[in-house]
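Peer 1: Structure, please.
(chains A and B)
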Amino acid sequence: NSKVIQTPRYLVKGQGQKAKMRCIPEKGHPVVFWYQQNKNNEFKFLINFQNQEVLQQIDMTEKRFSAECPSNSPCSLEIQSSEAGDSALYLCASSLLTSAETLYFGSGTRLTVL
Amino acid sequence: QQKVQQSPESLIVPEGGMASLNCTSSDRNVDYFWWYRQHSGKSPKMLMSIFSNGEKEEGRFTVHLNKASLHTSLHIRDSQPSDSALYLCAATSGGNYKPTFGKGTSLVVHP
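Peer 2: The predicted structure is shown next:
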């Protein structure tokens, strides 16, 4: 069973609505990643954090995407104004270090934008 | 930006057979490779990693790495129906720890 906890498991939103998903990394893992896996199984890296600091991120697509990993709170990924093309599985993963380390994935949040 | 190509897209093997999956990076500065397995409806789980040229074996699974050709392969011997899953290859390059994933090989092992 995954020790990376993602909620909710499923999220259904209308176009233009805000969508927010959360992730609790495995205990002791300071590095957190967010990936988007579309229906063609393509993985798109979104952002990664070490503790609360952003390490790398894509040009957060028209600024609709935002993410944070506050101290003592779950990490979160938010889409300000959902579009149909955002429908995908959003996977959170954590790791021990910032290099050559295995990613431990959560079960994902499946977002459907109607 | 690194791209990771996997082949074949899909593979069907009989139970007890050998499955061979391939993965190639586009980046000459590739550092590390991982193989993840994702069963339907589940999250990816790391199967094997390989960082140096050569071969690594764990049970029924063997990975090969040839950094000069930017290529790794995964071989599953005595395939079982429970091995049916999406196999994802991931790689990092240039000291940048942002694993890039391929689109995966969908393996079906039929009884």
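Peer 1: these two touch, right, B:Ile12 and B:Val108?
Peer 2: Yes - in this structure, B:Ile12 is within contact of B:Val108 by Cβ atoms under 8 Å, at 4.8 Å. The way it works is simple: take the backbone N, C-alpha and C, and place the C-beta from them, glycine included.
Peer 1: Kindly indicate whether the residue nearest the centre of chain A is helix, strand or coil.
Peer 2: For chain A, the residue sitting closest to the mean C-alpha position, by Cα atoms, centre = their mean, is A:Trp34 at 3.5 Å. Recorded secondary structure, A:Trp34: strand (DSSP: H, G, I helix; E, B strand; the rest coil).
Peer 1: Tally up the residues packed near the residue nearest to it when sequence neighbours are not counted, please.
Peer 2: Spatial nearest neighbour of A:Trp34, chain neighbours left out: A:Leu46 (4.2 Å); criterion: Cβ to Cβ, 6 or more residues apart in numbering or on different chains. A:Leu46 has 20 neighbours, counted by other Cβ atoms under 10 Å in any protein chain shown.
Peer 1: give me the element A:Leu46 is part of.
Peer 2: Using DSSP states H and E, A:Leu46 maps to strand A:43-50.
Peer 1: That strand: partners in the sheet, and parallel or antiparallel?
Peer 2: strand A:31-37 (antiparallel), strand A:53-57 (antiparallel) (DSSP bridges).
Peer 1: can you put those in CSV and add mean pLDDT?
Peer 2: Converted to CSV, the strands paired with strand A:43-50 look like this (pLDDT from 0 to 100):
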stretch, mean pLDDT
strand A:31-37, 95
strand A:53-57, 87
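Peer 1: need the ones you listed in a markdown table with distance to B:Tyr87, can you?
Peer 2: Output for the strands paired with strand A:43-50, formatted as a markdown table (distance: least, Cβ to Cβ, whole Å):
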| stretch | distance to B:Tyr87 |
| --- | --- |
| strand A:31-37 | 14 |
| strand A:53-57 | 26 |
